[in-house]
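Engineer: Give me a 3D structure for the following:
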Amino acid sequence: MVEITFNSTIDNPSLQVGDKAYYTTPNTNGFSTTPTLIGEITSIEGNKIQILNQISSPLINDFIMFSKNTAVNNSSLLGYYAEVKLTNSRTDKIELFSIGAEVVESSK
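Structural biologist: Numbering: from 1, shown residues only. Next comes the predicted model:
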């Protein structure tokens, strides 16, 4: 098992136990490496995640990302409407360029 500690609280409501964690190493031109699988997330608490069955280990300052478990999260939006909540915890100006969704009609 590996525990990864971040500098601040993990504030991503879509991160769940069962998601897969990856890392990539930044360089002067951005990110040149293909993401490398760390393993499956088994615990999320405050500013820490725990990963069981660790496949590889990130280094300090590597960029950590995650992907959803497609066995559980494998459907489109269903129903007559969708509700979206966007939050911004930064205090400087930011821009949102696009939002997209795949919608499947669930009934007629």
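Engineer: for the closest residue to residue 20 other than its chain neighbours, what are its contacts?
Structural biologist: The spatial neighbour of residue 20 that comes closest, neighbours along the chain excluded (CB to CB, 6 or more residues apart in numbering), is residue 67 at 5.1 Å. Glycine gets a C-beta too; all of them are placed from N, C-alpha and C. Listed by CB atoms under 8 Å, 6 or more residues apart in numbering, the contact partners of residue 67 are 19-20, 22.
Engineer: ok, for the spatially most central residue of the chain, nearest residue in space, not its chain neighbours?
Structural biologist: In the chain, the residue lying closest to the centroid (CA atoms, centre = their mean) is residue 66, at 3.8 Å. Spatial nearest neighbour of residue 66, chain neighbours left out: residue 19 (4.5 Å); criterion: CB to CB, 6+ apart.
Engineer: That neighbour touches residue 51, doesn't it?
Structural biologist: No - counting by CB atoms under 8 Å, residue 19 stays clear of residue 51, with 10.1 Å between them.
Engineer: Give the residues shared as contacts by those two.
Structural biologist: Once CB under 8 Å, 6+ apart is applied, the residues that residue 19 and residue 51 both contact turn out to be 40-41.
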